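Participant: Starting from these lines, generate the structure:
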Amino acid sequence: MSVGAQRLREDADRLRAGAIAKREDPALVDVAIAADTQRRELSAEVDALRAEKKARSAEVGALLAAKTAADDPKVVELKAASQAIATKLVGLEERLAAAEGALDDALLRIPNPPDLDIPVGGSEANTTIRTWVPKGHPPIGADGSDPATGAAPEHDVVGERLGIFDLERGAKVAGTAFPAYRGDGAALIRGLINLFLDTHVRENGFTEIWSPILINEASARGTGQIPDKEDQMYVVGRDGFYLAPTAEVPVTNLHRDEILNGAELPIRYAAYTPCFRREAGAAGRETRGILRLHQFDKVEMVSFERPDDSATALEWLTGRAETLLQRLELPYRVLLMATGDMGFVQMRKYDLEVWAAGSKRWLEVSSCSNFGDYQARRMAIRYRAEAGAKPELVHTLNGSGLAIPRVLAALLESGAQPDGSVKLPAVLHGYLGGRTHLLPTSQRSEEHTSELQSLA
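Facilitator: Okay, here's the model as predicted:
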């Protein structure tokens, strides 16, 4: 269960309002209430019958202990009554199990209500919290013109010049939106992953996790992918596993069914995984190059927090993602997502969008979310505030820190030079062997020829 039967009874109006705000069916709240009522009624009947059966058995035991014959009419009568109760119990327990299943299913389909201050609406209601632009960068929305081309090129054009994408062969191997990278493209992705992990672990205090990328149904249900996004996940053949859509799923589930030591909170993890999602959008400008993919790389931040600390933790987590974009010298903005655009399981969510100079638009590269106790209830992740204290649900949070493809696209567009090279931000130089630029294939061929001539 995710919302919880007690909250269902105590806060039904808030749950209905939250469902409406998230454009989900509020009638599920009433379905769950009806199932809960039936479950409690049946549970009371089952408990009463079990007590009655136990009493009858005790009476039989007492008579037999007093040397009453097994075929004594009183003993026979009590045994018959006990058997009748047992038969009735079988039917009631089946009905109780069905009612519990119906309740669990309904609760899983009720979304996490958003914080009360979240703007109501779809993407049009998203609110820009802040925008950051590197020193000396032209105002956002300017055409990014340069002397050679009059405008910054889009990332797929830059990638072709550099020879770093192999999208056609990637499609041959797996299908459309499964990219292959070569040479500097592969090195740059590896450099970005290492930069992100190094920053999170060495500076931000995260523990690095190398997690499975296959997840079972319980893990997918725990973080809310099932039932909300089940149709967007890849199912792995006969074994019934799913490919992880994000490291959030395996990493958060590491503590499923555990009671954590409150003295150890917060627990914060950073993990790199490839991510797999079936839905990659319609064809056209939105999907050109590497903007929308079925397989992509991402570093994820996951945090387990005390409930009173989770609101502050979300701001801190968002700031860690922002630091990376600032070091990459990429303009970005932070959006507070509206109720209809924030997702099924989030109670508060920020999106970070980077400015792409060539396509002249904002590209999402990170989402940072506070789930409250919604995921923890599904996964039974609790903590003890102190020794001997009653276990309480933790709050879970996560954030992309960062998603690689659109960061790469923005770097290619913002760093494109008139001679066809791409200037790299200083923070990446050490991750690419001291190189400051990526060179187009034509220049690399010329350099190679010069090296050979010098060796002759």
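Participant: Might one say that residue 251 is in contact with residue 271?
Facilitator: Yes. Here residue 251 reaches residue 271: they are 5.0 Å apart, a contact under C-beta atoms under 8 Å. The way it works is simple: take the backbone N, C-alpha and C, and place the C-beta from them, glycine included.
Participant: okay, and the common contacts of the two?
Facilitator: Common neighbours of residue 251 and residue 271 (criterion: C-beta atoms under 8 Å, 6 or more residues apart in numbering): 209, 211, 300, 302.
Participant: Against residue 163, how distant is the last one?
Facilitator: Spatial separation of residue 302 from residue 163 under the definition C-beta to C-beta, to the nearest Å is 36 Å.
Participant: for the third one, same thing?
Facilitator: Residue 300 sits at a distance of 30 Å from residue 163 (criterion: C-beta to C-beta).
Participant: Looking at the two, which one has more neighbours?
Facilitator: More crowded of residue 300 and residue 163, by other C-beta atoms under 10 Å: residue 300, with 29 against 17.
Participant: Pull the number of nearby residues for residue 135.
Facilitator: Using other C-beta under 10 Å, residue 135 has 5 neighbouring residues.
Participant: May I have the residues that are in contact with the residue nearest in space to the middle of the chain?
Facilitator: The centre of the chain sits closest to residue 248, judged by C-alpha atoms, centre = their mean, with a distance of 4.4 Å. The neighbourhood of residue 248, defined by C-beta under 8 Å, 6+ apart, consists of 223, 300, 302, 398.
Participant: next one: residue 166
Facilitator: 179, 180, 181, 182.
Participant: In contact with the third one, which residues are there?
Facilitator: If a contact means C-beta under 8 Å, 6+ apart, then residue 181 has 164, 165, 166, 189 as its contacts.
Participant: where does this structure have low pLDDT?
Facilitator: For the chain, the stretches flagged by pLDDT under 70 are 1-3, 141-150, 280-287, 444-456.
Participant: Give me the distance between the residue lying closest to residue 421 once chain neighbours are set aside and residue 412.
Facilitator: Distance criterion C-beta to C-beta, 6 or more residues apart in numbering; nearest residue to residue 421, sequence neighbours excluded, is residue 437 at 4.5 Å. Per C-beta to C-beta, residue 437 is found 12 Å from residue 412.
Participant: partners of the nearest residue to residue 342 once chain neighbours are set aside in the sheet?
Facilitator: Leaving out its chain neighbours, the residue that sits closest to residue 342 by C-beta to C-beta, 6+ apart is residue 349, at 4.3 Å. Residue 349 has the following beta-bridge partners by DSSP bridges: residue 369.
Participant: Residue 349 and residue 368, how far apart?
Facilitator: As judged by C-beta to C-beta, residue 349 and residue 368 stand 7 Å apart.
Participant: And residue 207, by the same measure?
Facilitator: 18 Å.
Participant: Likewise for residue 176?
Facilitator: As judged by C-beta to C-beta, residue 176 and residue 368 stand 30 Å apart.
Participant: Those two: which is more packed in?
Facilitator: Neighbour count, other C-beta under 10 Å: between residue 176 and residue 368, residue 368 has more, with 28 against 14.
Participant: Tell me if I'm right that that one and residue 313 touch.
Facilitator: No. Residue 368 lies out of contact with residue 313 (C-beta under 8 Å); the separation is 9.9 Å.
Participant: what's the overlap in contacts for those two?
Facilitator: By C-beta under 8 Å, 6+ apart, the residues touching both residue 368 and residue 313 are residue 397.
Participant: The stretch 301-450 of the chain: strands as residue ranges?
Facilitator: Assigned strands in the stretch 301-450 of the chain, in chain order: 332-336, 348-356, 361-370, 382-384, 392-393, 395-403, 422-423, 437-438 (criterion: DSSP state E, counting those that start in this stretch).
Participant: Using JSON lines, lay out those together with distance to residue 116.
Facilitator: Output for those, formatted as JSON lines (distance: least, C-beta to C-beta, whole Å):
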{"stretch": "strand 332-336", "distance to residue 116": "13"}
{"stretch": "strand 348-356", "distance to residue 116": "10"}
{"stretch": "strand 361-370", "distance to residue 116": "14"}
{"stretch": "strand 382-384", "distance to residue 116": "25"}
{"stretch": "strand 392-393", "distance to residue 116": "20"}
{"stretch": "strand 395-403", "distance to residue 116": "17"}
{"stretch": "strand 422-423", "distance to residue 116": "45"}
{"stretch": "strand 437-438", "distance to residue 116": "48"}
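Participant: And residue 307, how far from residue 251?
Facilitator: To residue 251, residue 307 is 20 Å away according to C-beta to C-beta.
Participant: neighbour-wise, which of those two wins?
Facilitator: residue 251 (23 against 14).
Participant: check contacts around that one.
Facilitator: By C-beta under 8 Å, 6+ apart, the neighbours of residue 251 are 209, 211, 269, 271, 300, 302.
Participant: Now the longest helix belonging to the chain: buried residues?
Facilitator: In terms of residue count, the longest helix belonging to the chain (DSSP state H) is helix 27-65. For helix 27-65, the neighbour count (16 or more other C-beta atoms under 10 Å) marks 28-29, 31-33, 35-36, 38-39, 42, 45-46, 49, 53, 56, 59-60, 63 as buried.
Participant: ditto for stretch 99-113
Facilitator: Quick answer for stretch 99-113 (16+ other C-beta under 10 Å): 99-100, 102-104, 106-113.
Participant: I'd like those as a markdown table, with secondary structure appended.
Facilitator: Below are the buried residues of stretch 99-113 laid out as a markdown table (DSSP: H, G, I helix; E, B strand; the rest coil):
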| residue | secondary structure |
| --- | --- |
| 99 | helix |
| 100 | helix |
| 102 | helix |
| 103 | helix |
| 104 | helix |
| 106 | helix |
| 107 | helix |
| 108 | helix |
| 109 | coil |
| 110 | coil |
| 111 | coil |
| 112 | coil |
| 113 | coil |
